[in-house]
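Participant: here is a sequence with its predicted model. Questions after.
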Amino acid sequence: MQLFNVEGMTCGHCVKAVTQAIKNQDPAAEVTVDLAAKQVSVQSQLSPEVIAGLIREEGYTVV
């Protein structure tokens, strides 16, 4: 399980955008977004660097 602190997520659209970005690269990934905690947890074969890059491509800041 990989945990990312992400700034800029505020709504359901944000959750969907981040989830889809990761699942497009790894359909088997398990993605959980906690808006209140500003965290994204991911169970995936993708490297942390790749996942962080995908989140950034959606316009969010990985802290």
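Facilitator: Done, it's in.
Participant: what about residue 14, which SS state?
Facilitator: helix (DSSP: H, G, I helix; E, B strand; the rest coil).
Participant: what ranges do the strands span in the chain?
Facilitator: 2-7, 30-34, 39-43, 61-62 (DSSP state E).
Participant: so which of those is the most surrounded?
Facilitator: Greatest average neighbour count among the strands of the chain goes to strand 39-43 (a mean of 18), per mean count of other CB atoms under 10 Å. To be clear about C-beta, it is placed using only N, CA and C from the backbone, and glycine gets the same treatment.
Participant: then it to CSV, C-alphas only?
Facilitator: What follows is strand 39-43, C-alpha atoms only, in CSV (Å, rounded to 0.1, in the frame of the first residue of the first chain):
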residue,chain,number,x,y,z
GLN,A,39,-4.7,11.5,1.1
VAL,A,40,-4.7,8.9,-1.6
SER,A,41,-3.8,5.3,-0.8
VAL,A,42,-3.0,3.0,-3.7
GLN,A,43,-2.4,-0.7,-4.0
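Participant: quick revisit: could you dump the strands of the chain to CSV with mean pLDDT and distance to residue 14?
Facilitator: Compiled in CSV, those are given as follows (pLDDT from 0 to 100; distance: least, CB to CB, whole Å):
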stretch, mean pLDDT, distance to residue 14
strand 2-7, 98, 9
strand 30-34, 98, 7
strand 39-43, 98, 10
strand 61-62, 98, 12
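Participant: dump these to TSV, plus distance to residue 22.
Facilitator: Output for the strands of the chain, formatted as TSV (distance: least, CB to CB, whole Å):
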stretch	distance to residue 22
strand 2-7	10
strand 30-34	5
strand 39-43	6
strand 61-62	12
